[in-house]
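Student: Test case, fold it:
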Amino acid sequence: DPAEFASYDDSGITGHPYCYVLEAGSYGIYVGSDVRSAKQAASWNAQELTVTQTLACRAGAVTKMNRIHPVLEDGRYTPAFEPVPQRTGDLKAHILENLPAATAIPDRQIHWEQVRRGEETLEDFVAGLNPAELDAITRGEGKMRSSLGVDGNAGILGGTTEGLRQKGVPVVTTTDGPAGIRISYSTSLLPCGTALACSWNPALVEKMGRLFGAEMAHYGTDILLGPGMNIHRDPLCGRNFEYFSEDPHVSGKIAAAMVRGIQSVPGRSACPKHFACNNQEWMRNRNDSRLSERALREIYLKGFEICVKESAPLTMMTSYNKINGVWGHYQYELVTDILRGEWGYSGLVITDWWMQSSADPNFPALRNDAYRIRAQVDVLMPGGKSNFSGDGDGSLVQSYLSPDGITLGEMQRCAKNVLRLCQKLGK
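Tutor: Residues are numbered from 1 along each chain as shown. Sure, this is the predicted structure:
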C-alpha cells in the first residue's frame, strides 16, 4: 500500500498540518540482508502530494526542544536543527464536549447470568451498579497472587468483591509473560521477543501463539500480560529482550501474529504493552518521554497501531512513564482519542501494576482513579493504592460526589468495557 510510505506533518510545512502525506517524488524499494548491502529492486513515482489521512494534534510536545532537520546544500543534505512544534488545541473543552451520557438506572435487579442468556442487556446491568460497585469493577482485587486465580497469578479483575460476584460478575485472571506463563507451576519457556522478531516469520509466531494460548487454557489463566512491544530506542534498555525491534513495522507485524495466535484459543486474551514510549528501565515510573508528535506517531505508536488493526487485542496495558508530561495511565489523548477514536479499538485498557498519584491539571476535582477513568483507562491493576496495600484510595467515589467531578456516564463506560471483555472471553 503506497500509503505506508506517508509521513506525518506535525508542523504544516506541506500545507496539511496533522495529516499523513505522501510527497511527490521517486520512492525506491531496496532488498538485502542488511541496510549497507541492500540493492534497489523496484521504484515508483508519486506525481503529486497526496493526503492519505487527516487527523488532529494529539499528545504533542509541551516542552521546547529541537530536532534534526535536513538542509539541502550544494546538492547534498546536511543535518541542521529546528524547533519541535508544540501541542495545540483546548484539551479541556475537547473532553467536556465528548463526555458520555449515563444509562438510566433500571427498575429491577439484574444478574449477570441473565445478560449471558440474552434476557437483559449489558448496559442495563451496568446501570444497576452503584458508585461503590463501579469503583470496585474498575480496579483489580488489590494485590498479586489472588486466591481467586491460579497460584502465582498477577492479579484478578472483574468480580473483585463478594458483592459483585453475588451479582454474577466473573473473575478474570491475569498472568505475567511474555516469554512463557509466570505462575507457581512448571510452564514452557518460550523464545524472547527479540528472537521471535529475528525469525521474520509471522506465520510461525502465530503458530507459537496458539500453543501459548492452549497452555493458558490448561492452567486456567485468561489474560497474558504480553506481548511487550516497545521500540528498541537504546540498546541499554533493560527489557529490550522482551521487545521485538527498533523497527515499528516489524514490531507491529510480529506482535499482531502473537496476539492472533493467543486469541485463536477460545477464552484467552493477549495484552500488548506498554502503551507507550516505555524505552528505559532506569526510573521507568518517573521519567518523561518528550518527543515530537511526528516521532510519536511514526515510530513509537506505529507498531501498536499495526497490532491493533491487524489482530484486535482484547486487552491493552498503559506504560509507567509520562508521555509529553502526562502519565500513560492518565493520557486521554493517547487512549481515548488515538487508540479508541482513530484506531477503532473497543477492548479493555488496564494500567501497568500500580500508578503514580496525580491530580488532573484541567479538572482539579479529579485525581488518581477519577483522572484515570476520564482517560478511559478502565482498570487499575492490581487494584490497591500501593504495592503495600490492597485497598483502593476512594478517589473515584470522592470525585463523583464533588462538584465538577467524574460523571456517572464515565464510570459506567469503563465498567461496560470490563464486562464486554468478560463476554468476549465467554464468561
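
Student: going forward, measure contacts and count neighbours with C-alpha atoms only.
Tutor: Fine.

Student: For the stretch 1-150 of the chain, which segments count as strands?
Tutor: Counting by DSSP state E, counting those that start in this stretch, the stretch 1-150 of the chain has strands at residues 7-9, 19-22, 25-31, 39-46, 50-54, 66-73, 76-83.

Student: Hmm, I typed the wrong one, I wanted the stretch 251-400 of the chain.
Tutor: 288-289, 315-317, 322-323, 326-327, 348-350.

Student: so what secondary structure elements neighbour the second one?
Tutor: The elements that strand 315-317 packs onto, with contact taken as 3 or more C-alpha pairs under 8 Å, 6 or more residues apart in numbering; DSSP states H and E, are strand 348-350.

Student: if we look at the strand it packs on, which residues are touching it?
Tutor: Strand 348-350 has contacts (C-alpha atoms under 8 Å, 6 or more residues apart in numbering) with 314-318, 376-381, 417-418, 421.

Student: Which single one of those is nearest to residue 99?
Tutor: For the contacts of strand 348-350, the closest approach to residue 99 (C-alpha to C-alpha) belongs to residue 376, at 10.9 Å.

Student: Neighbours of the closest one, how many?
Tutor: Using other C-alpha atoms under 10 Å, residue 376 has 26 other residues around it.

Student: contacting residues around it?
Tutor: 332, 335, 336, 349, 410, 413, 414.

Student: I'd say residue 183 and residue 146 touch.
Tutor: No. Contact between residue 183 and residue 146 fails when scored by C-alpha atoms under 8 Å: they sit 11.6 Å apart.

Student: more crowded one of those two?
Tutor: residue 146 (21 against 18).

Student: who's in contact with the residue of the chain positioned farthest from its centre?
Tutor: Outermost residue of the chain with respect to the C-alpha centroid, by C-alpha atoms, centre = their mean, is residue 74; its distance is 45.0 Å. Contact analysis of residue 74 by C-alpha under 8 Å, 6+ apart lists nothing.

Student: where's it relative to residue 343, distance?
Tutor: 42 Å (C-alpha to C-alpha, to the nearest Å).

Student: Residue 209 looks like it's in a strand, true?
Tutor: No. Read with DSSP: H, G, I helix; E, B strand; the rest coil, residue 209 is helix and lies in no strand.

Student: Chain neighbours aside, what residue packs nearest to it?
Tutor: In this structure, residue 209 finds its nearest non-sequential neighbour in residue 261, 4.0 Å apart by C-alpha to C-alpha, 6 or more residues apart in numbering.

Student: wait, that neighbour sits on residue 204?
Tutor: No. Look at residue 261 against residue 204 with C-alpha under 8 Å: they stay out of range, at 9.6 Å.

Student: which of those two has more neighbours?
Tutor: Legend: neighbour count by other C-alpha under 10 Å for residue 261 and residue 204, higher for residue 261 (27 against 15).

Student: List the residues that contact that one.
Tutor: Contacts of residue 261 were listed using C-alpha under 8 Å, 6+ apart, and they are 205, 206, 207, 208, 209, 210, 211, 212, 213.

Student: again, only this time at 10 Å
Tutor: The contact partners of residue 261, by C-alpha atoms under 10 Å, 6 or more residues apart in numbering, come to 202-214, 255, 268-270, 311.

Student: so how far is residue 273 from it?
Tutor: 17 Å.

Student: Need the residues that contact stretch 106-113.
Tutor: Residues outside stretch 106-113 that contact it (C-alpha under 10 Å, 6+ apart) are 118-129, 164-170, 419, 427.

Student: same thing but 8 Å
Tutor: 120, 124, 125, 127, 128, 167, 168, 169.

Student: Quick check: ChimeraX command selecting the buried ones in these.
Tutor: Listed next is the ChimeraX selection for buried residues among those, using 16 or more other C-alpha atoms under 10 Å:
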select :124,125,127,128,167,168,169
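
Student: Make JSON lines from the contacts of stretch 106-113 and add pLDDT and distance to residue 390 to it.
Tutor: Putting these into JSON lines (pLDDT from 0 to 100; distance: C-alpha to C-alpha, whole Å) gives the following:
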{"residue": "120", "pLDDT": "97", "distance to residue 390": "33"}
{"residue": "124", "pLDDT": "97", "distance to residue 390": "29"}
{"residue": "125", "pLDDT": "98", "distance to residue 390": "26"}
{"residue": "127", "pLDDT": "97", "distance to residue 390": "26"}
{"residue": "128", "pLDDT": "97", "distance to residue 390": "26"}
{"residue": "167", "pLDDT": "98", "distance to residue 390": "22"}
{"residue": "168", "pLDDT": "98", "distance to residue 390": "22"}
{"residue": "169", "pLDDT": "98", "distance to residue 390": "20"}
